[in-house]
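[1] Just need the structure, nothing else, for what follows:
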Amino acid sequence: MVSPPAPAPAEQQADRIVIEKAARRMTLLRDGQVIGCYRVSTGSGGPGPKRKEGDRLTPEGTYHIAGRNPRSAYHLSLRISYPDAADRAAAAARGENPGCDIMIHGLPNGRGWIGPLHRLRNWTAGCVAVTDAEIRDIWALVPDGTPVEIRP
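    Have a look, this model is predicted:
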């Protein structure tokens, strides 16, 4: 197991995350000021919001960081609160399972050597991926409960 980094001092932590899928960018903000910006890979299912389990799409909307997993199959992971009540209701109306386990994470364990090459294409099952070094920074800067806005 990888030891996660200690949290940054409260006055240095993010109070908002904005993920722009088309730009393949994640920005950490504090008091409206950028404190971190990362190139990301997202779901391999193409454009559009997540609708159902297995569609390999990254959700769109406003969520929050709902927890963290230092024992993830990927180098550290932060759980995004998808699906929320609206996502579950919309999926139920379509007779579908909305899916779950959407994370911001590093690379698969043992594959950290891939580094920034992972950004050559969107490859996740709907998550937001960064390098192992980047997820360590993000882990320290992002407390549980931080709002996450995921834009198309």
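
[2] Give the helix, strand or coil label for residue 11.
    helix (DSSP: H, G, I helix; E, B strand; the rest coil).

[3] how about whichever strand in the chain runs longest: buried residues?
    Across the chain, the longest stretch assigned as strand under DSSP state E is strand 61-69. For strand 61-69, the neighbour count (16 or more other Cβ atoms under 10 Å) marks 61, 63, 64, 65, 66, 68 as buried. For every residue, glycine as well, the C-beta is placed using N, CA and C.

[4] Just give me the residue right at the centre of this structure.
    residue 104 (2.6 Å; Cα atoms, centre = their mean).

[5] Am I right that it is in contact with residue 128?
    Yes. If you go by Cβ atoms under 8 Å, residue 104 and residue 128 touch, sitting 4.7 Å apart.

[6] re earlier: tell me the contacts of the residue nearest to the centre of the chain?
    Neighbour list for residue 104: 17, 26, 65, 77, 78, 80, 127, 128, 129, 130, 135, 138 [criterion: Cβ atoms under 8 Å, 6 or more residues apart in numbering].

[7] Over to residue 22?
    Applying Cβ under 8 Å, 6+ apart to residue 22 gives the contacts 47, 151, 152.

[8] Hmm, residue 19 and the last one touching each other?
    No. Contact status for residue 152 versus residue 19: not in contact, 10.2 Å apart, counting by Cβ under 8 Å.

[9] Of those two, give the one with the bigger neighbour count.
    Comparing residue 152 with residue 19 by other Cβ atoms under 10 Å, the one with more neighbours is residue 19, at 23 against 11.

[10] residues of stretch 98-116 that come out buried?
    For stretch 98-116, the neighbour count (16+ other Cβ under 10 Å) marks 98, 99, 102, 103, 104, 105, 106, 107, 112 as buried.

[11] could you say which helix or strand contains the fifth one?
    With the criterion set as DSSP states H and E, the secondary-structure element containing residue 104 is strand 103-105.

[12] partner strands of that strand, parallel or antiparallel?
    Looking at strand 103-105 with DSSP bridges, its partner strands are strand 77-80 (antiparallel), strand 128-129 (parallel).

[13] hmm, who's touching the shortest one?
    With contact meaning Cβ under 8 Å, 6+ apart, strand 128-129 is reached by 19, 26, 40-42, 58, 74, 80, 102-107, 118, 123.
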